[in-house]
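S.K.: Quick one, structure for this:
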Amino acid sequence: MMPKCGVRQLAVGISLAVIAGRGMVMAQETASAPAASVFASEAPLELTVRTDLRTLLRDRGDDRKDHDGFVRLSRADGSVDSVAVELRTRGIFRRRPSVCGFPPLRLSIGRRAGQGTPFEGERRIKLVTHCRNTDQYEQYVLQEYLIYRAYALLTDLSLRTRLARVTYEDVTGREKPVTRYAILIEDERRLAERHRLRVVEDTGAPMARLDPAQTVFMAVFQYFIGNTDWSIRALHNIVLLGDSAGRLVPVPYDFDWAGVIATRYAAPDTALPIKSVKERLYAGYCGPPEDFDPIFARFRQHRAAIEALYDLEPLDRDHREQARRYNSEFYRQIDDPQRVKRDMLKNC
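M.R.: Sure, this is the predicted structure:
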């Protein structure tokens, strides 16, 4: 089964001179946190989504529409918020009925509807769902959530997420309620506002405009998780943020094709020299190993915190240990300069 899009290699000429310094990206990472919102806590949410579920889930074509619904949110004090929303199926690969019985969703929230609730200020939220109603596919959701969390540990230029236990109710009574874990992801415009940047939606952006430090770091992270399903030029699973000087920062999302998860449907592009998504393939800047030392140091600094993420209680033991073994292999590699040259940089 073919992936949605293969990696397009970054320009070789990107300089890493600013990696050891404090460029635009590093300055932006000191931005102050916003007021409390639905993304202000890491505790799993309890949500109920009510809509015409059958009609929504069948609406998967190119001309999709918004469907009215409500989201009920239980607070820690026992009170309940009910927010009117519009729901739409989203995604590309996971929207195909042959792949996912339950596609990803987008929640649109009116400004007035969200006032006084944890959704205040959030106009659009992506919902990563369980794809198929099995425990295996729910484990995939939990692992993808932990990838988002790992990226957020390593850089503040990351999309905020929240794990939620969601019950989907059909207002017509034609479908039985389904309760599964899901991931709430903030809209990229909220991330841009937080760092005083703007979302750039132009494809084919010149590589010379990319912030070197964050671009190479992002590519190394994709290598860390074993993900080749991204493209900066095609804006495939990448958000570009720009500053007033025209400098661009790539922010990744959508990690279900990562080798650390190894979903049943994931397979590398046949144009790539790997046969399994579990095989790592670096597709970033090709330079001497010492240029990567500051980036590798950041991964080592946060290694314990990343490993601790996998203590997440709903994650089962087999998936937990599989992920930790996969991540440990990355750390063994970056501690061996010869392996970095041979396995990571030689054929990049």
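
S.K.: Now stretch 103-117: buried residues?
M.R.: Neighbour-count burial for stretch 103-117, counted by 16 or more other CB atoms under 10 Å, picks out 103-109, 113-114, 117. All C-beta spots, glycine's among them, are computed from the backbone N, C-alpha and C.

S.K.: er, stretch 189-203 I mean
M.R.: Buried residues in stretch 189-203, counted by 16+ other CB under 10 Å: 190-192, 194-195, 197, 200.

S.K.: the longest helix in this structure is where?
M.R.: The residue-count maximum for a helix in the chain (DSSP state H) belongs to helix 135-154.

S.K.: okay, the following helix or strand past that one in CSV with CA atoms only?
M.R.: With elements assigned by DSSP states H and E, the helix or strand that comes after helix 135-154 is strand 161-170. Extracted in CSV, the C-alpha atoms of strand 161-170 (Å, rounded to 0.1, in the frame of the first residue of the first chain):
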residue,chain,number,x,y,z
THR,A,161,-2.1,18.5,21.8
ARG,A,162,-4.4,16.9,24.3
LEU,A,163,-5.3,13.3,24.8
ALA,A,164,-9.0,12.7,25.1
ARG,A,165,-11.3,9.8,25.9
VAL,A,166,-14.1,10.5,23.4
THR,A,167,-17.6,9.0,23.3
TYR,A,168,-19.2,9.5,19.8
GLU,A,169,-23.0,9.5,20.0
ASP,A,170,-25.4,9.4,17.1
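
S.K.: Downstream of strand 161-170, the next helix or strand is which one?
M.R.: The helix or strand immediately downstream of strand 161-170 is strand 178-186, counting by DSSP H and E.

S.K.: who touches that following strand?
M.R.: Residues from elsewhere that reach strand 178-186, judged by CB atoms under 8 Å, 6 or more residues apart in numbering: 38-39, 44-45, 47, 102, 122, 125-130, 133, 138, 141-142, 144-145, 148, 159-168, 253, 314.

S.K.: if we go to 7 Å?
M.R.: Contacts of strand 178-186 with the rest of the structure, by CB atoms under 7 Å, 6 or more residues apart in numbering, involve 38-39, 122, 125-130, 133, 138, 141-142, 144-145, 148, 159-168, 253, 314.

S.K.: for the residue sitting nearest the centre point of the chain, what are its contacts?
M.R.: For the chain, the residue sitting closest to the mean C-alpha position, by CA atoms, centre = their mean, is residue 253 at 3.1 Å. Contact partners of residue 253, counting by CB under 7 Å, 6+ apart, are 159, 185, 237, 239.

S.K.: how about a cut-off of 10 Å?
M.R.: By CB atoms under 10 Å, 6 or more residues apart in numbering, the residues touching residue 253 are 126, 128, 144, 147-148, 151, 158-159, 161, 185, 188, 230, 237-239.

S.K.: quick revisit: give the other helices and strands that the longest helix of the chain contacts.
M.R.: With contacts taken as 3 or more CB pairs under 10 Å, 6 or more residues apart in numbering; DSSP states H and E, helix 135-154 sits against strand 124-128, strand 161-170, strand 178-186, helix 212-225, strand 248-252, helix 293-301, helix 303-309, helix 317-334.

S.K.: Just the CA atoms of that helix, as PDB, please.
M.R.: Output in PDB follows, covering the C-alpha atoms of helix 135-154 (Å, rounded to 0.1, in the frame of the first residue of the first chain):
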ATOM      1  CA  ASP A 135      -7.700  -2.000  20.500                       C
ATOM      2  CA  GLN A 136      -4.800  -2.200  18.100                       C
ATOM      3  CA  TYR A 137      -5.800   0.900  16.300                       C
ATOM      4  CA  GLU A 138      -6.400   2.700  19.500                       C
ATOM      5  CA  GLN A 139      -2.800   1.900  20.500                       C
ATOM      6  CA  TYR A 140      -1.700   3.600  17.300                       C
ATOM      7  CA  VAL A 141      -3.500   6.800  18.500                       C
ATOM      8  CA  LEU A 142      -1.700   6.700  21.900                       C
ATOM      9  CA  GLN A 143       1.700   6.200  20.300                       C
ATOM     10  CA  GLU A 144       1.100   9.100  17.800                       C
ATOM     11  CA  TYR A 145       0.100  11.300  20.700                       C
ATOM     12  CA  LEU A 146       3.400  10.500  22.500                       C
ATOM     13  CA  ILE A 147       5.300  11.500  19.300                       C
ATOM     14  CA  TYR A 148       3.700  14.900  19.500                       C
ATOM     15  CA  ARG A 149       4.600  15.100  23.200                       C
ATOM     16  CA  ALA A 150       8.200  14.200  22.500                       C
ATOM     17  CA  TYR A 151       8.500  16.900  19.800                       C
ATOM     18  CA  ALA A 152       7.000  19.400  22.300                       C
ATOM     19  CA  LEU A 153       9.700  18.400  24.900                       C
ATOM     20  CA  LEU A 154      12.400  19.100  22.300                       C
END
